[in-house]
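J.: Sequence first, predicted model second:
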Amino acid sequence: MSDGSSTSEESGANGNSSQTSGEASDIQVIKPNGEQEELNQLQKNSVAMLNYMTMVSQKIENSKSSRIFLEKVYTELINNTGPDKIDKTTQYNLSNMLDIIEDYRMLDVKRERLRYIYDQDKANTIKEALPSPLAVMNIVQSFDWKKMVVSVAYTAVDSITKYANANDALDKQFMLDGWSLDDEEAKNIHKNRKRAFNYMIDIVRNYELPGNLALSEEDIQSFVEYADSDNVHKKMQFFESNKDKYRFFSSYWIELADCYYETEQYSKCIECVDTYESVYAGIFRKDYEYSQFLPKAIVALKNVSSGEEYRKKAEKYAQAMVDNSGEDDWSLRYFAAQTYIDLYAQYKDEAYIKKAYDITLNNVNSLTKKQIELNDKYLNEVEDCKLGDMPDTADDNEKSKYESQKKELDEYNKSMREKRKTECPPLYEPLSLNCELLFSLADKINVGESEKSKIDGILKNEGESIFLTKPISDKFSFTQSDKQDYDASLSKDELALPADILCEGATVTAIIENGDDKKEFNDWKVFKVDRSDNGIDSFKAYLYSDEIKQHTWSKDETVKIIVSYGISELTTELSFKVSDYSDGWLFIPGSVTFEKI
């Protein structure tokens with residue numbers, strides 16, 4: 001429960017914690033003559049980058065899944081650093097760090113595969129948190145925003161941990177090997193920290209800065225240790241008691257805000273976010289640290305604010321999530337869209353629902369690229385991933401690393417060829433999640449025919465739907481299609497279905513009925529996909545169920561097959577009846593045949 005008084009609640013709701021913000025943001029230099037002078041923006045930026053890079057080096061060493069963290073750091077530094085925000089000394093040190101990280105990045109194919117698994121898992125966790133795309137508008141049943149926040153905060157490490165527990169992943173070994181840096185690699189990362197120490201001295205001397213503005217290595221070690229702690233109370237105690245040390249370090253305020261969020265001290269959480277905004281030096285093009293915390297800030301705000309106070313700040317946070325998200329950050333923008341939907345539900349301003357629609361449309365437009373890429377891979381022969389040639393100048397360590405990576409890729413290629421034998425059409429879950437919301441919003445605001453035509457066009461590639469699964473293609477289209485009569489068959493041992501009514505992740509259930517008696521079988525698995533040269537329309541998938549094989553059939557039974565896609569209110573149903581049945585006798589087994597109805 002929040003322990004703030006009514007005064008602090010009001011302060012947090014308004015975001016006017018001026019004393020805290022002012023104390024943190026007025027960074028002053030003591031000149032040799034005793035005069036005080038505020039740092040200029042370039043000086044603030046250099047101090048901020050110095051502390052950030054020291055923290056990054058420490059986090060790389062502390063991380064048990066170092067390469068995952070390296071990928072995140074590399075992407076943010078190389079794509080997001082504002083070149084006009086740092087000096088030449090900082091630029092030189094940044095370049096050194098990027099060179100070192102580049103040497104230890106994972107194989108491209110592993111990086112892409114990890115991102116795909118992560119996106120699929122994150123989309124599914126969001127679906128589990130949302131009973132329907134417009135659930136936040138339901139005034140009868142309250143919506144669990146905290147559950148939504150947990151799903152948006154789902155990380156790549158969460159994803160790979162979940163993957164490690166999967167028993168049927170063919171590429172499991174490939175994905176799980178080599179996440180941690182070996183001793184030699186960790187040693188080289190540590191060398192970069194020594195360079196960072198020299199960099200710190202240069203910055204402090206060049207700008208005549210007080211030494212306490214640049215955090216020491218020991219300060220950073222303690223910061224990272226507590227930031228990574230699972231004990232929120234220990235973490236909070238450390239950060240509260242070391243405020244004077246870290247108050248000019250913007251990341252500190254996000255960590256402290258998170259402590260207050262987890263302990264439901266929501267007013268203090270919002271005050272920390274306010275302070276972060278005043279301290280942040282703007283060294284990056286987009287402030288990912290800020291935007292990734294904002295879903296929690298929204299929940300905190302909902303607990304301490306209402307009316308126009310909530311409206312003003314929620315608008316600000318929602319827009320900041322959009323402004324400070326990269327193309328890959330679809331889940332943040334999805335949360336921003338849901339925030340605008342919530343604002344519409346409360347204040348009935350049509351501008352909010354339009355903003356939610358625009359954000360979701362842009363998400364869909366961006367995410368179609370991945371679906372098209374997955375389709376191309378599925379419809380063509382499996383293409384082996386290969387390493388480039390080993391340099392003639394490679395030393396023994398480089399040769400060993402090359403051979404190890406080559407072996408990894410060989411095993412991965414083998415697993416992909418094996419997977420192809422049972423592979424169903426791909427479905428990129430982030431796209432389907434956003435399509436669900438887009439079509440719901442389009443219906444809500446009653447978009448015109450030209451807008452419907454535009455959406456249909458976005459969801460096509462070379463004139464064909466980007467969804468290879470027909471029921472999903474029909475679901476996400478404004479063009480009505482004729483009802484399909486699918487060619488399917490059922491026998492005692494297997495179920496044969498058109499492959500294009502299935503997709504990766506689809507579930508199949510059989511319900512056997514005989515009068516009032518019902519039995520359900522949901523352990524169906526694909527054991528073969530026949531791929532015809534005539535295209536996906538002629539692909540056939542064959543499934544088996546161990547449970548249904550144990551069933552004793554009778555002549556009056558009917559079977560309903562239900563294919564579910566994890567998409568609201570979308571299933572495909574097929575029905576069969578027993579057309580011929582005979583009991584077994586002595587050593588002669590009974591027989592049963594089915595007719596589609």
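T.: Great, that's in hand. Numbers count the residues shown, from 1 in each chain.

J.: Check the burial of residue 458 by counting its neighbours.
T.: 15 (other Cβ atoms under 10 Å). Using the backbone N, CA and C atoms, a C-beta is placed for each residue, glycine as well.

J.: Check residue 393 too.
T.: By other Cβ under 10 Å, neighbour count at residue 393 equals 6.

J.: now residue 258
T.: For residue 258, the neighbour count with other Cβ under 10 Å is 20.

J.: these two touch, right, it and residue 292?
T.: No: the pair residue 258 / residue 292 is not scored as a contact, 10.5 Å apart, by Cβ atoms under 8 Å.

J.: tell me the contacts of residue 349?
T.: residue 343 (Cβ atoms under 8 Å, 6 or more residues apart in numbering).

J.: Ramachandran coordinates for it?
T.: The phi and psi values for residue 349, taken as degrees, to the nearest 10, are phi -90, psi 120.

J.: separation between it and residue 308?
T.: As judged by Cβ to Cβ, to the nearest Å, residue 349 and residue 308 stand 12 Å apart.

J.: where along this structure do the strands fall?
T.: 28-30, 36-38, 460-461, 464-465, 489-490, 495-498, 507-514, 517-521, 525-530, 540-544, 558-564, 571-582, 591-596 (DSSP state E).

J.: The last one pairs with which strands?
T.: In the sheet containing strand 591-596, the strands it pairs with under DSSP bridges are strand 571-582 (antiparallel).

J.: Likewise for the fifth one?
T.: With DSSP bridges as the criterion, the sheet partners recorded for strand 489-490 are strand 495-498 (antiparallel).

J.: follow-up on the earlier one: Throw the strands of the chain into TSV and include distance to residue 127, mean neighbour count and mean pLDDT, thanks.
T.: Formatted as TSV, the strands of the chain follow (distance: least, Cβ to Cβ, whole Å; neighbours: other Cβ atoms under 10 Å; pLDDT from 0 to 100):
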stretch	distance to residue 127	mean neighbour count	mean pLDDT
strand 28-30	50	13	43
strand 36-38	49	11	56
strand 460-461	24	14	96
strand 464-465	21	15	96
strand 489-490	30	20	97
strand 495-498	23	21	98
strand 507-514	13	18	97
strand 517-521	22	13	96
strand 525-530	22	14	98
strand 540-544	24	19	98
strand 558-564	12	18	98
strand 571-582	15	16	95
strand 591-596	31	16	94
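
J.: so which of the ones you listed comes closest to residue 155?
T.: strand 507-514 (25.9 Å; Cβ to Cβ).

J.: which other helices and strands contact the closest one?
T.: The contact analysis (3 or more Cβ pairs under 8 Å, 6 or more residues apart in numbering; DSSP states H and E) places strand 507-514 against strand 495-498, strand 517-521, strand 558-564.

J.: can you redo these as a markdown table with distance to residue 43?
T.: Shown next, in a markdown table, are those (distance: least, Cβ to Cβ, whole Å):
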| stretch | distance to residue 43 |
| --- | --- |
| strand 495-498 | 66 |
| strand 517-521 | 68 |
| strand 558-564 | 58 |
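
J.: Relative to residue 116, which of those is closest?
T.: Among these, the nearest to residue 116 by Cβ to Cβ is strand 558-564 (21.6 Å).

J.: quick one: residue 417 from residue 385, how far?
T.: Applying Cβ to Cβ to residue 417 and residue 385 gives a distance of 12 Å.
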